[in-house]
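Trainee: what's the 3D shape of this:
(2 chains, ligands or ions: 2)
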Amino acid sequence: MAHIVTNKCQRCRFTHCVEVCPVACFHGDEERLYIDADTCIDCSACIEVCPVRAIYDQYDMPEEYQTCIAINSKALDFPVIDTKHEPLPTAMERKKELGY
Amino acid sequence: MKKFYTIKGACPQDCPDTCAMIYKVEDGKIAKVIGDPDNNLTKGRLCAKLNNFAEHHYNPERLLYPMKRVGKKGSNDFARISWDEALSEIKKNWQSIIKEYGAEAILPHAYLGNLGSLNGLTSGDRFFNALKTTVAEKTYCESGSSTAWMLTYGPIGGLDPESFAYSKCLVFWGHNPLSTQTHCWPFVLEARKKGAKIIVIDPVRTRTAKQADIHLAPKPGTDAALALSMINVIIEEGLYDAEYVGKYCSGFIELRKRAAQFTPEKASKICGISAENIILVAREFAKSKASAIRLGVALERHAGGGQAIRAITCLPALVGAWKYPGGGAVQMTLWSYPLKWDKMSRGEWIKPGTRVVNLLDLGAALTGEKYNTDITPIKSLFVYNSNPLCMAPNQNKVRMGLERDDLFTVVSEHFMTETARYADIVLPASMQGEQLDIMFSWGHFNILLNQKAVEPAGECVSNTELFRRLSKTMGMTRPHLFMTDWELIDEYVDWDSDTMRGIDLEVLKEKGWARLWVGGSPDIRAPYSKGNFPTPSGKCEFVATGAAEGNHVKPALRSGYTYFQQGSAIDPIPCYIPPYESVDSTPELAKKYPLAMVSGKAHAFLNSQYANEKLQKERQGEQIIIIHPNDANKRNLNSGEDVKIFNDRGSFSSIVEISEDIRPGVIYANVGYWDSMIKSQTGVNNVTDDRHTDMGESGAYSDILVQVEKM
Ligand code: SF4
Ligand code: SF4
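Mentor: Ligands and ions are numbered 1, 2, ... in the order given. Next comes the predicted model:
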């Protein structure tokens, strides 16, 4: 069990979450973030700070995002992101699209 | 319209982080509990155990009313009664017991199910001392560590975990902060960014060990040999701080002589790690200057746990690490708090000569194995803040004791634990959001006020209210027993202490917490840069002045009572005491039971608390043991199978996980699972032993041998 970044992060990448993560377990590529499940300590701090609620505790993650577990398992292929980045240029538009 | 407000609180758990909390209340119900974003450590987050703390308050299985047993002991057959009935039942039983056997036939059993100054470890002390019951010696955790730590340094809080950010080398020794002290980790990462090395010493490749630069996995219970060997390397290679040692430490010559016996080659054999690695770690530690050691509770749980801590505590002083911010060691910051333990316990109310029972011996005491029970038997047990059937060692013995039909047992609880099932009377206890308390910590220097957010559920009461009610029931008249919670807060804290500069109740009510005045901010704090240790010699004592009665329990853990201390002499110079049970020290026993078993804290449970919560169960998974592939192959085991773990004391079942996260010859199991969650209906403590260690009457929980076989 761990926390999962869902595909909602795509085209957003707000990266508020990396600032509150106590164990620096977020990794990222140009498109989105991933959580390294082995390092995540399930503190849930990241959930609330995400402007689009892209992160879920696997425990109560909606069915539709189940495929994201496999996507997050590739986290270690990408570098650690532990400082805040500029959101992607499409972020505000995407946020609206997602209804936040 | 919904009525909404927030109120400041603090986590009640026996965890070093004591998080600052905010209760969000909606229409009289706690809707959410979050970590205080403004707190220097909590920084807005709780943990895997507590991040659904609001829901915990409303768990449908919570005990809400007093109950009386109507079925067989252990059967969970209870009927609701009123508080008046419960109290008069207690009174009737106790009065007749006291008449026939004296009040010493009553034994209180408590630990840190709540860490509060008001509702925690000592919350019943005043009542039981006034009633003149047997005195409980509560040494479940950190007792041996405390005794050993103070022999070296005196009662100091030590290094501030916030100062880890300024350390150059961080050693976590028998400690897994990524599960049990998570809020210190950002400081560790900050140090790492500046080039600090992280060293973990643990037989298990824990979450923390996985993050380390260097992980040493010694054989369980050999830490003293490793530390002495590091001392040897540091001295022989001239890496020690001669000036600091000369001015602020005593007994260097003796320590040097003792350490000389532990060459890396010799220690390598004892500890099962390479001599090169011992030298590597010793050099890294000595050369980093601002080197820090966080001592874990696990260290004390072996025959020679106290001496191991004595040896380890010498290391930072030897290299002069205390001179630098971020250098030194931390056992429990608690020792810096201005708490009036004497007022909390009222040890002076105990009649000299009153019997003391060590709670790790609960089974032995209840079954009449120890403590002159032929003269004064134990006829009643009062359990609060604890779940001994799960957490005390030697579970079969404890169960046998609890089954006694002539034992009148009262349990105050949140849930129907397996211990509570053996009660004659069950009393419902309130949770942290429903009570007032002032909280200290053993992992930082904040003092916190936990304000009551909502009224207690059902007929639950806080421990302070419970003991006020019992005092009245038993016809007591001492005014101290009837003080209100606010009066207790006033009495238990030394508000005039220097450490409380600028902190008063108004500040705490508003902000929820404040940092004690303990010698400057974390970036500059180095209060022992010029020694000044509060030991008899004023120095860091490599040779302990207090050795003649070295094996004693700190008064706070025994209601302030000074009689019947074990009080035996210890070796004044740190030494290595081999395990009670190991392949090397008991080869005969090892033929039958060849595997050492280490039991540690679960990531999502706090001891047995939260193990009944759905979310935490899901996070933690089922009871597993971790075994090395070599040992698994010998037994033909496959990961995921059910196995039986056993020795002469008992057995439990578990799912097996085969992994190199454990060294060969050792298995690892998490404690905290309730028996009902395990196939065998017995827990990890079914195989542990109630032997005490060399100091502070600590439990030798992880000093045992077992065998594992397919079920
Ligand atoms: S749950 Fe905690 S540890 Fe896990 S990714 Fe979120 S912030 Fe990091
Ligand atoms: S258990 Fe520890 S980390 Fe978790 S909320 Fe309580 S004090 Fe904080």
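Trainee: ok, whichever residue of chain A sits closest to ligand 2 - contacts?
Mentor: Relative to ligand 2, the nearest point of chain A is residue A:43 (8.1 Å; C-beta to the nearest ligand atom). For glycine as for every other residue, the C-beta is placed from the backbone atoms N, C-alpha and C. Contacts for residue A:43 (C-beta atoms under 8 Å, 6 or more residues apart in numbering or on different chains) come out as A:22, B:45-48, B:51, B:182.
Trainee: Roughly how far does residue B:22 sit from residue B:207?
Mentor: 27 Å (C-beta to C-beta, to the nearest Å).
Trainee: repeat for residue B:19
Mentor: Residue B:19 is 19 Å from residue B:207, by C-beta to C-beta.
Trainee: So for the two, which sits in the more crowded spot?
Mentor: residue B:19 (32 against 20; other C-beta atoms under 10 Å in any protein chain shown).
Trainee: residue contacts, that one?
Mentor: B:10-11, B:35-36, B:39, B:41-42, B:46-47, B:50, B:183.
Trainee: which stretch of helix or strand covers the residue positioned nearest the centre of chain B?
Mentor: Among the residues of chain B, residue B:141 comes closest to the average C-alpha position under C-alpha atoms, centre = their mean, at 3.5 Å. Applying DSSP states H and E as the criterion places residue B:141 outside every helix and strand.
Trainee: That one: what's its closest spatial neighbour, skipping adjacent residues?
Mentor: Closest residue to residue B:141 apart from its sequence neighbours, by C-beta to C-beta, 6 or more residues apart in numbering or on different chains: residue B:297 at 5.7 Å.
Trainee: Check what pLDDT the residue in chain B that chain A sits nearest to gets.
Mentor: Residue of chain B nearest chain A, by C-beta to the nearest C-beta: residue B:45 (3.5 Å). Per-residue pLDDT puts residue B:45 at 96.
Trainee: surely it meets residue B:35?
Mentor: Yes - with contact defined as C-beta atoms under 8 Å, residue B:45 reaches residue B:35; the gap is 4.6 Å.
Trainee: what is in contact with those two at once?
Mentor: Common contact partners of residue B:45 and residue B:35 (C-beta under 8 Å, 6+ apart): residue A:45.
Trainee: wait, doesn't residue B:366 sit right on residue B:409?
Mentor: No - assessed by C-beta under 8 Å, residue B:366 is found out of contact with residue B:409, at 9.6 Å.
Trainee: With neighbour numbers in mind, choose between these two.
Mentor: Using other C-beta under 10 Å, the more surrounded residue of residue B:366 and residue B:409 is residue B:366, with 28 against 24.
Trainee: Excluding chain neighbours, what is closest to the more buried one?
Mentor: residue B:401 (2.4 Å).
Trainee: Is the one you found in a helix, a strand, or coil?
Mentor: helix (DSSP: H, G, I helix; E, B strand; the rest coil).
Trainee: Neighbours of it, how many?
Mentor: Residue B:401: 24 surrounding residues under other C-beta under 10 Å.
Trainee: One more: the one 3 residues further on?
Mentor: A total of 18 residues lie near residue B:404 under the criterion other C-beta under 10 Å.
Trainee: for it, phi and psi?
Mentor: phi -50, psi 120 (degrees, to the nearest 10).
Trainee: How about residue B:452?
Mentor: Backbone torsions of residue B:452, given as degrees, to the nearest 10, read phi -70, psi 120.
Trainee: Pretty sure it sits against residue B:432.
Mentor: No - the criterion here is C-beta under 8 Å, and residue B:452 misses it with residue B:432 at 9.2 Å.
Trainee: Among these two, which residue is more densely surrounded?
Mentor: residue B:432 (29 against 18).
Trainee: Excluding covalently adjacent residues, which one is nearest to that one?
Mentor: residue B:12 (4.0 Å).
Trainee: Start and end of stretch B:40-60, how far apart?
Mentor: 34 Å (C-alpha to C-alpha, to the nearest Å).
Trainee: so, in contact with ligand 2 or not, that stretch?
Mentor: Yes - legend: contact between stretch B:40-60 and ligand 2 by C-beta under 6 Å from any ligand atom is shown at B:46-47, B:49-50.
Trainee: what two of those have the greatest distance between them?
Mentor: Farthest-apart pair in the residues of stretch B:40-60 next to ligand 2 is B:46 and B:49; separation 7.9 Å (C-beta to C-beta).
Trainee: higher neighbour count, the two?
Mentor: For residue B:46 versus residue B:49, the count of surrounding residues by other C-beta under 10 Å is larger for residue B:49: 30 against 24.
Trainee: Please name the residues that touch that one.
Mentor: Neighbour list for residue B:49: B:13, B:15, B:604-606, B:609-610, B:616 [criterion: C-beta under 8 Å, 6+ apart].
Trainee: helix, strand or coil for the residue nearest to residue B:432?
Mentor: When classified by three-state DSSP, residue B:12 comes out as coil.
Trainee: burial measure for it, as a count.
Mentor: By other C-beta under 10 Å, 28 other residues sit near residue B:12.
Trainee: and the residue lying closest to residue A:32 once chain neighbours are set aside, how many neighbours?
Mentor: Leaving aside its chain neighbours, residue A:32 sits nearest to residue A:9 (4.1 Å; criterion: C-beta to C-beta, 6+ apart). For residue A:9, the count of nearby residues is 24 (other C-beta under 10 Å).
Trainee: returning to what we had before: now, among the contacts of residue B:19, which is nearest to ligand 1?
Mentor: Using C-beta to the nearest ligand atom, residue B:47 is the member of those that lies nearest ligand 1, at 8.9 Å.
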